[in-house]
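one predicted model, sequence on top.
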Amino acid sequence: MNRGGQTAQDRDLAPAYRQIERIAQQAARPDEPLSRHTTMRVGGPADLWVKPRTVTSALDVLSFCQRESVPHIVLGKGSNVIVSDSGYRGAVINLAGCFCRYRRLREGVRCGGGLSLSSLVRKLAGDGFSGLEWAVGIPGTVGGAVATNAGAHGAEMSGALKRTVVMTEGEQRVRTGDAIPFSYREAELPGVVLEVELSLEEAPSDRVLETMDRFMDMRKETQPIRERTAGCVFKNPPGDSAGRIIDSMGLKGTTVGGAKVSELHANFIVNSGGATAAGVVALIELIRERVAERTGTQLELEVQLVGDFVR
Ligand code: EPU
């Protein structure tokens, strides 16, 4: 998810929503349940859900929202977020089908931020590029992966990023990878990722595919990839694994409503049916408290919370 807005004040956003719908050249959906657009399958309605029809209209919608300070978020595959049961007061922009280009360069590729990470890794294998095999099986878009500095198996997105084009304050700006402050699962990147250029090494396709298969097998064995989750819930504390710690507390299988600590990997919360965002967050708090009480470690969230949560 690319976060681009601020919280809605007591502002009448109806005129802005009408304008967005006009610019998007596509009927927008009011009160669209975000549970339909997140991998966790929880979340209340967004004021407005919009999927611009063309790249130009998408750029215009983003620019309008940024310039007019209309609260908005860009939701890709909805894979790393938990949306509040009360939903989101603002516009949710879906860029599916926009910014999906892919072009092979001499020492890497250039691709759109809306391309899915899984399509990207498949294309890279086909084109004989190594460097992103670790990303196999991670749901989400390339833009989302850059914005959250996604990673696995000791590598992360920042390692391959040469440059990116972001939409910020209504303008397209180029940032080189080394000018972006990246840290573990974080990128200080104001705005929305439209395009990225990745530095990669050439390698035989069969070798790239072999590595991808190995990583995918590991993922299938250790993570609940077929269930409704938002990925790893907590960041790993330095030198340890949040999953290992939570497991060692005996918390696997703990449930709050339909939200359950995965039996396969304790750093995943599964929507086992009928979970609510409130239930997921209550389970998160229970885990945090238990871990803090017994080990003194304060687990930090890796997933992003969208909307209002009562604390
Ligand atoms: N472990 C347990 N019980 C569990 C889970 C893990 O004992 O329930 C133990 C494992 O046996 C292993 C150690 O903890 O000895 C580490 O586990 P694992 O290899 O699964 O890695 P992780 O540190 O839990 C990290 C990333 C994952 C990434 C994997 C593989 C974070 C928070 N997690 O998990 O990323 O896929 O390594 O590289 O950085 C994500 O970012 O959403 C994510 C899932």
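All right, it came through fine.

any idea how far apart the tips of stretch 300-307 sit?
In stretch 300-307, first residue to last residue: 18 Å (C-alpha to C-alpha, to the nearest Å).

how far does it sit from the chain's center?
10 Å (C-alpha atoms, centre = their mean, to the nearest Å).

cool, stretch 103-120 as well?
For stretch 103-120, the distance to the chain centre is 17 Å (C-alpha atoms, centre = their mean).

before we move on, what about stretch 255-273?
19 Å.

with stretch 280-295 instead?
Centroid separation for stretch 280-295 versus its chain: 23 Å, with C-alpha atoms, centre = their mean.

just stretch 96-114 next, same as before
The chain centroid and the centroid of stretch 96-114 are separated by 18 Å under C-alpha atoms, centre = their mean.

again, but for stretch 215-227
From the chain centre to the centre of stretch 215-227 is a distance of 18 Å (C-alpha atoms, centre = their mean).

quick check: buried residues in that stretch?
Residues 215, 219, 223, 224, 225, 227 are the ones in stretch 215-227 that count as buried (16 or more other C-beta atoms under 10 Å). (Glycine included, C-beta is placed from N, CA and C.)

ok, now stretch 64-84?
Applying 16+ other C-beta under 10 Å to stretch 64-84 flags 64-66, 70-84 as buried.

which residue does the stretch 51-200 of the chain have closest to the ligand?
Residue nearest to the ligand within the stretch 51-200 of the chain: residue 152 (3.7 Å; C-beta to the nearest ligand atom).

tell me how many other residues surround that residue.
Using other C-beta atoms under 10 Å, residue 152 has 17 other residues around it.

the one 10 residues further on now?
The local packing of residue 162 (other C-beta under 10 Å) involves 17 other residues.

parallel or antiparallel, which strands does the strand or helix carrying it pair with?
Assigned by DSSP states H and E, residue 162 belongs to strand 161-168. Partners of strand 161-168 in the sheet, by DSSP bridges, are strand 171-176 (antiparallel), strand 192-199 (antiparallel).

what are the phi and psi values at residue 276?
Backbone dihedrals for residue 276, given as degrees, to the nearest 10, come out at phi -120, psi 160.

surely it and residue 258 touch.
Yes. Between residue 276 and residue 258 there is a contact under C-beta atoms under 8 Å: 7.4 Å.

quick check: residues of the stretch 201-311 of the chain near the ligand?
Counting by C-beta under 6 Å from any ligand atom, the residues of the stretch 201-311 of the chain close to the ligand are 222, 231-232, 235-236, 241-244, 247, 265-267, 302.

how about a cut-off of 8 Å?
Residues of the stretch 201-311 of the chain lying close to the ligand (C-beta under 8 Å from any ligand atom) are 218-219, 222-223, 231-232, 234-236, 241-244, 246-248, 252, 262, 264-268, 302.

quick one on the thing from earlier: how about the strands paired with strand 161-168, which one is nearest residue 25?
strand 192-199 (18.2 Å; C-beta to C-beta).

following the chain onward from that closest one, which element is next?
Assignment by DSSP H and E places the next element after strand 192-199 at strand 201-202.

list the strands paired with that next one, with their directions.
By DSSP bridges, strand 201-202 pairs with strand 129-130 (antiparallel).
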